[in-house]
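1. build the 3D model from these lines:
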Amino acid sequence: MTKLAKRILTTLAFLIGARLLLTYGVAPLLDRLLNRVQRQEKRKVREETAVFHNQLFIADLHSDPFLWKRNLRKRHRYGHIDLPRLIEGNVALQTVGVAAKIPWGLNFESNPGRSDMLAALVVAQGKPLRTWHSQYQRALYHAEQLQTLIAQEPDILMLIRSREDLDALVARRQKRPITTGFLLGLEGVHALEGKLANLDGLYAAGFRLLGLTHFFDNEAGGSAHGRDKGGLTSFGRDLIQAAEAKGLTIDLAHASEKLIDDVIAVSTRPLIVSHTGVHGTFDSPRNLSDRHVKLIAESGGLIGIALFEMAV
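-> I've put the predicted structure just below:
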């Protein structure tokens with residue numbers, strides 16, 4: 001069977017599946033099931049604690065709300081974020097992580113990169129045809145969704161693309177404390193589809209954090225959850241040089257140990273790990289060694305501790 005015939009059959013299968021999912025509401029049901037929020041008894045917060053909390057500049061370095069077709073302007077009892085909860089939590093800066101591909105059978109130990117679970121989700125939720133087979137277009141569409149959200153609430157939302165934007169966010173919050181800035185980050189440069197030129201398109205769309213890998217090895221290097229877990233490739237070296245020239249920040253979340261070593265050796269700018277844990281707390285393939293914690297700190301970088309089971 002030719003590649004074209006396979007693609008046509010795959011597209012037909014997706015269309016049929018999408019029709020069933022949309023008709024019977026399976027996709028929204030999956031959203032509720034997979035993105036549940038743990039319910040706890042509401043506790044009374046002391047007044048001095050509330051005052052202190054409201055004086056903080058709170059930054060959440062990872063969420064992926066645009067994977068799902070959800071109105072973020074309304075409150076939900078599931079999912080990571082929405083605007084009402086961001087305002088109540090006094091969140092000043094919210095990173096939006098963009099995953100362009102996730103393999104079937106997702107696990108923390110070893111994933112091949114051949115399959116694409118997100119393809120079914122993209123089709124099922126009625127996303128544009130251009131995103132069905134293109135990881136690059138999926139990433140651009142996430143950026144478009146964020147831009148639409150900001151355009152709907154321009155008085156309280158803004159996109160952060162530079163240090164000047166961050167300064168402007170701080171100034172705006174002085175006058176209107178419910179203002180939130182959004183920062184776009186890529187989870188895995190497989191979304192570039194092997195083309196360094198696609199970095200220009202992502203930069204123009206507002207991406208400023210560049211996560212090299214996600215749950216599988218790609219053209220740039222090894223994932224902590226990949227098969228080979230290798231280091232930086234020649235494509236990866238060229239990519240880091242191009243990214244740093246643009247002022248993009250490299251995000252080492254999900255990177256293999258060898259990849260982290262290689263990136264630290266060649267990078268010239270501060271590095272971040274947006275969402276992770278540390279081996280001292282929990283010995284997970286997802287987490288950082290003490291050595292890497294120190295090296296990232298020495299780069300002038302930042303480590304965000306994620307609050308999920310395999311991290312903490």
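
2. report how many residues lie close to Phe139.
-> Not Phe; residue 139 is Ala. 29 (other CB atoms under 10 Å). Every residue, glycine included, has its C-beta placed from N, CA and C.

3. who's in contact with it?
-> Applying CB atoms under 8 Å, 6 or more residues apart in numbering to Ala139 gives the contacts Val98, Ala100, Leu186, Ala191, Leu202, Ala205, Phe207.

4. give me the distance from the host helix or strand of Gln241 to the chain's centre.
-> Gln241 is located in helix 234-246, with elements delineated by DSSP states H and E. Between the centre of helix 234-246 and the centre of its chain there are 20 Å (CA atoms, centre = their mean, to the nearest Å).

5. take the contacts of Ala139 and lay them out in TSV including secondary structure.
-> Converted to TSV, the contacts of Ala139 look like this (DSSP: H, G, I helix; E, B strand; the rest coil):
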residue	secondary structure
Val98	strand
Ala100	coil
Leu186	strand
Ala191	helix
Leu202	helix
Ala205	helix
Phe207	strand
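
6. out of those, which is nearest to Ala143?
-> Ala205 (3.9 Å; CB to CB).

7. tell me the SS of Thr148?
-> Quick answer, by three-state DSSP: Thr148 is helix.

8. now for it, how many residues are close by?
-> Quick note: Thr148 (other CB under 10 Å) scores 9 neighbours.

9. quick one: it and Leu159, what's the gap?
-> 11 Å (CB to CB, to the nearest Å).

10. follow-up on the earlier one: packing partners of the helix holding Gln241?
-> helix 198-205, strand 249-251, helix 257-266 (3 or more CB pairs under 8 Å, 6 or more residues apart in numbering; DSSP states H and E).

11. for this structure, what spans make up the strands?
-> Taking DSSP state E, the strands of the chain run over residues 58-60, 91-99, 157-159, 180-187, 207-211, 249-251, 272-276, 302-305.

12. how about residues contacting the first one?
-> This points to strand 58-60. Ile81, Gly89, Asn90, Val91, Ala92, Leu93, Gln94, Thr95.

13. try it again at 6 Å.
-> For strand 58-60, the external contacting residues (CB atoms under 6 Å, 6 or more residues apart in numbering) are Asn90, Val91, Ala92, Leu93, Gln94.

14. got those residues as CSV, with neighbour count and distance to Glu47 columns?
-> Converted to CSV, those look like this (neighbours: other CB atoms under 10 Å; distance: CB to CB, whole Å):
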residue, neighbour count, distance to Glu47
Asn90, 17, 15
Val91, 20, 21
Ala92, 21, 21
Leu93, 18, 26
Gln94, 23, 26
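
15. I'd say Ile102 and Asp116 touch.
-> No: counting by CB atoms under 6 Å, Ile102 stays clear of Asp116, with 7.4 Å between them.
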